[in-house]
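# Any chance you can model this:
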Amino acid sequence: MIQVTPADAKPIAAVSPGELNDVNVVVLHSWNETRHRVEAVRGEDGTLQFTGGSREFFSLEPFHRMYFEGMLSALDQPGEWFLGRDGTVHYKPLPGEKPETAEAWSPVAEQWLVIKGDPTKDETLVRDLHFRGLSFEHQSYTLPPGGVGYSQAVAALGAAIEADGARNVTFEKCSFQHTMTSALWFRRGCRDITVRDCLLTDLGAGGVKISDTAVPKERDHTSHVIVENCIIHSGGRYFPSAIGVLIFHGSDCTVRHCDIADFFYSAISIGWTWGYKPTPCARNVVENCRLHHLGWGVLSDLAAVYTLGPQPGTVIRGCHMHDIGCASYGGWAMYNDEGSTGIVWENNLTHDTQSAGYHQHYGRGNIVRNNIIARGAEEHVRWSKPEEFFAFAFERNIVLVGDGRLFMHVDKNWDTGRVFLSGNTYWKPGGEIAEFAGKSWAAWQFMGRDNTSVVADPLFVDAAKGDWTLRPESPALKLGFVPFDWKKAGVTGNEAWRKLAAREFPPMTYGLKPKPKPLTLQDGFDDTPVGSKPARARIHKSRPGLIAVTAEKPSKGPHCLQLNDGPDVEPAFEPHFFYVTNVEAGAVRVAFDVRAQAAYELVHEWRDDAQPYRTGPMLTFAKGAISIPGRKLLDLPADTWVHVEVNARFGAGSDGTWSCAITLPGGQPQRFEGLKFLKPTMTALKWIGFASNGKAAAKCWLDELEIGLTAPE
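Model (predicted):
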């Protein structure tokens, strides 16, 4: 179940009960989507009840988006169709098209081909299969009754052609079109596989998947898969978070001279380990690929090439990555995500990206050298999470600064000395680079950064028009930059094949990043089923059962929210939940009823989104007292409902103070004015939460929670 505005629910509130269950509600999260079937709609308050639950997902975006599919009332554009339960096909013709002569296909097969060998037994391996010049088209898929919600990259979703235990298999000059899932998956125990000169387009999910999500045993390991000179275009049409080529734990695989474009998520993903646990993923090579027109402002946290975990020997080189946009954050080109280790990026050209040309979240020992990074709309080089060891080397690169900052994520990250920068050339056409992670160029070098680098025009022949050739007198050449031919990226072969890959796409769409509205919330938890989590709260990694709606002694109505703490609950602040408030300015009021057992320790806190965050109002309910830092306000009666109201102002007119009113059972409100923010520099309110700081086995209850502006500005 989710709740949207009544206006947003209106399109399906009018759908007949007989057709309602066929409507697909697609909810877009940061980097994935969930698909739901509708059980019921309550139009007056925008509540959508799904057949299979809400499939909670932690989102880093400041907003959620959704869209509806599969209803006759949405048939309003040429080329759209709707199939009714009675078998009637409704179709709105394209200009100049006659339905009487148009072809229509109704796929039946959910898979085209299954190659089923047993990797653990040599005698059952499937060997020496070669497919050439075949066309595979039209795959069927039916959304399960309860909907689906995959994690990253729709990893577990099947493919139209799947292989296990296959050796020496080739697909050459074949086409794979009009799928609902991914086209090809070489899963367990496959080796010496080649996909060459193939067209994969109009894909419901991804193109080629290699290996499997679980760390394989030796006989199940997939390796030596080549994807070469392929056009992989227009994917993610049904599952937007799908990927062009996805390598899980495979090793010694090569993706070369491919043109991968028009996906809503990443073009290539390598590795499937979050952190530093060793896996067989190693020595994979991506070279001379053109990776472009990705994201389209639909999903976030994506890249042209995305990596995870340790993978020694992996190299990404000679690629041309451009036109990458995201919904709210993370439209990157080269992206070392969690634990990426031992990876080399060299001789790549990235330009016209919404976010950085290179981003390392966290990892160790990566090398970024001899690349051209140009025209980032928001940033150019990002480092998100320093650790206690060497992160990456950034050397002999050219960074042509566009509208965005040069170095991100947080300025202080770059002061750790765990990134090696040398021999780089930085330049901003038509202006000066404003700062280097908050410092002047002189101060940056004084800190030991880029002592052998320069701020100078690299002298491209005409970068504005796409000629990235360096003139002989380029200062980058003097620093050791080795010219590379970016035109080699992409497919090779005859003119028709290259022309097919060179199709034009519309201008890239960057996420609009609308300013989120301040949160307004009134939740007595009465509309949330017992046992469920609070509908609009964010809960991260909380163990099941720690936070749940209950019918046990609510302050009003039939339900309230129960928190369960104990000595084995980790980390120490769990259980906790919070709301994103999005208040830049104005007077804010929060009210709630709270009841806690004597041993429970509850903290109510208001924060901004600075790094590190700053705290304004804070109340603690623990050890028989209601307190603020350094001061007791009142005695706290055990296992009894208490009403609390907190008020504070942000933005213009804020003096860094707050007030609260506490009403004990049978009493009058007791008011406390002029309380000081814990951090006086806090100027905006982005987070309101409840955390549990005790270790005793105890319970706490909350009810009648209200959050909202009382005086907007």
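
# Can you check which strand is longest in this protein?
Ranked by residue count and defined by DSSP state E, the top strand of the chain is strand 698-712.

# Pull up the pairing partners for that strand, direction included.
Next to strand 698-712 in the sheet, as set by DSSP bridges, lie strand 521-523 (antiparallel), strand 560-565 (antiparallel), strand 586-596 (antiparallel).

# Export it to PDB, keeping only CA atoms.
What follows is strand 698-712, C-alpha atoms only, in PDB (Å, rounded to 0.1, in the frame of the first residue of the first chain):
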ATOM      1  CA  ALA A 698      11.800  -2.700  26.400                       C
ATOM      2  CA  LYS A 699       9.000  -1.200  24.300                       C
ATOM      3  CA  CYS A 700       7.900   2.300  23.300                       C
ATOM      4  CA  TRP A 701       4.800   3.500  21.500                       C
ATOM      5  CA  LEU A 702       4.100   6.600  19.300                       C
ATOM      6  CA  ASP A 703       0.700   7.900  18.100                       C
ATOM      7  CA  GLU A 704      -1.000  10.900  16.500                       C
ATOM      8  CA  LEU A 705       2.200  12.100  14.700                       C
ATOM      9  CA  GLU A 706       1.900  15.500  13.000                       C
ATOM     10  CA  ILE A 707       4.500  17.400  11.000                       C
ATOM     11  CA  GLY A 708       3.900  20.600   9.100                       C
ATOM     12  CA  LEU A 709       4.600  24.300   8.500                       C
ATOM     13  CA  THR A 710       2.600  26.700  10.600                       C
ATOM     14  CA  ALA A 711       4.000  29.800   8.900                       C
ATOM     15  CA  PRO A 712       5.600  29.200   5.500                       C
END
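
# Please give the element, helix or strand, for the closest residue to P310 other than its chain neighbours.
Nearest residue to P310 in three dimensions, chain neighbours excluded: T341, at 4.0 Å (CB to CB, 6 or more residues apart in numbering). (C-beta placed from N, C-alpha, C; glycine too.) Secondary structure assignment for T341, by DSSP states H and E: strand 340-346.

# Next: A7.
Using DSSP H and E, A7 sits within helix 6-13.

# distance between that helix and the chain's centre?
Relative to its parent chain, helix 6-13 has a centroid offset of 27 Å by CA atoms, centre = their mean, to the nearest Å.

# what do you get for stretch 599-607?
Distance of stretch 599-607 from the chain centroid (CA atoms, centre = their mean) equals 30 Å.

# Looks to me like W414 is in a helix.
Yes: assessed with DSSP: H, G, I helix; E, B strand; the rest coil, W414 lies in a helix.

# re earlier: and for the residue nearest to P310, the neighbour number?
24 (other CB atoms under 10 Å).

# so what's it bridging to?
Under the criterion DSSP bridges, T341 forms beta bridges with P310, R364.

# wait, what's in contact with it?
By CB atoms under 8 Å, 6 or more residues apart in numbering, T341 lies in contact with Y276, G309, P310, Q311, P312, G363, R364, G365, N366.

# remind me which residues of the protein are low pLDDT?
Within the chain, the segments meeting pLDDT under 70 span 53-59, 513-514, 540-542, 712-713.

# What are the boundaries of the helices in it?
6-13, 17-20, 441-446, 475-478, 495-501 (DSSP state H).

# Next, the buried residues of the fourth one.
Read it as helix 475-478. Buried residues in helix 475-478, counted by 16 or more other CB atoms under 10 Å: P475, A476, L477.

# Return the closest of these with respect to Y238.
A476 (44.4 Å; CB to CB).

# Just confirm the closest one contacts P458, I think it does.
Yes: A476 is within contact range of P458, at 4.7 Å (criterion: CB atoms under 8 Å).

# So for those two, which residues contact both of them?
In contact with both A476 and P458: I398, T425, L470, using CB under 8 Å, 6+ apart.

# Show me which of the residues you listed is closest to F592.
For these, the minimum distance to F592 (CB to CB) is 54.8 Å, reached by I398.

# hang on, isn't that closest one packed against P458?
Yes: applying CB under 8 Å as the test, I398 and P458 come out as touching, 4.9 Å apart.

# Give the residues shared as contacts by these two.
With contacts defined as CB under 8 Å, 6+ apart, the residues shared by I398 and P458 are T425, W427, A476.
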